[in-house]
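Participant: Sequence first, then the predicted structure:
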Amino acid sequence: MVEVYKHDAGKIIIGHSDKELSIGLLILNPRSSYPKHTRPVDEQLTQVYGKCSIKLYEGDRVTERILTEGEELKIAANQDHKHTNNSGYVSVTMWKFEGDITQVIDNIRKSLKRLP
């Protein structure tokens, strides 16, 4: 069963999550950002619709990668990063984790409002 959660900048959709694999979508409203965060395992992103700016933080150094539809990006475990949609259209990014992010998923379930 798919789970949909509302956050300040859009929605998080959890398609599947267990200790070995988690897959879902990050939907960002126009001109919005998902806060800077990190994950305990590598994160694989695929831009499904629109564009998304991914800022990667390493100490004082910040690099940016703009994902357009069909483009992929792998973010290393424990890498601080931030998703931003600078466009006037919705951005849809698929995320995939091979490994245990159950604590992250539990935090999403506890801290965000689930939509019907």
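Facilitator: Perfect, thanks for sending it. What you are looking at is a predicted structure, and each value in this text was computed from that prediction instead of being measured. Numbers count the residues shown, from 1 in each chain.

Participant: Okay, and Pro40 sits in which element?
Facilitator: Under the criterion DSSP states H and E, no helix or strand holds Pro40.

Participant: what residues are up against it?
Facilitator: Pro40 sits next to Ala77, Asn78, Gly99, Asp100, Ile101, Gln103, Val104 when contact means CB atoms under 8 Å, 6 or more residues apart in numbering. Just so you know, the C-beta spots here come from the backbone N, C-alpha and C atoms, and that holds for glycine as well.

Participant: The second one contacts Thr38, correct?
Facilitator: Yes: shown here, Asn78 and Thr38 form a contact pair, counting by CB atoms under 8 Å, at 5.3 Å.

Participant: Tell me which of these two has more neighbours.
Facilitator: Between Asn78 and Thr38, counted using other CB atoms under 10 Å, the more crowded position is Thr38 (14 against 10).

Participant: What distance do you get for that one to Val62?
Facilitator: Applying CB to CB, to the nearest Å, the value for Thr38 to Val62 is 14 Å.

Participant: try Met1
Facilitator: Met1 sits 38 Å away from Val62, going by CB to CB.

Participant: Just want to know which of the two has more residues nearby.
Facilitator: Neighbour count, other CB under 10 Å: between Met1 and Val62, Val62 has more, with 12 against 5.
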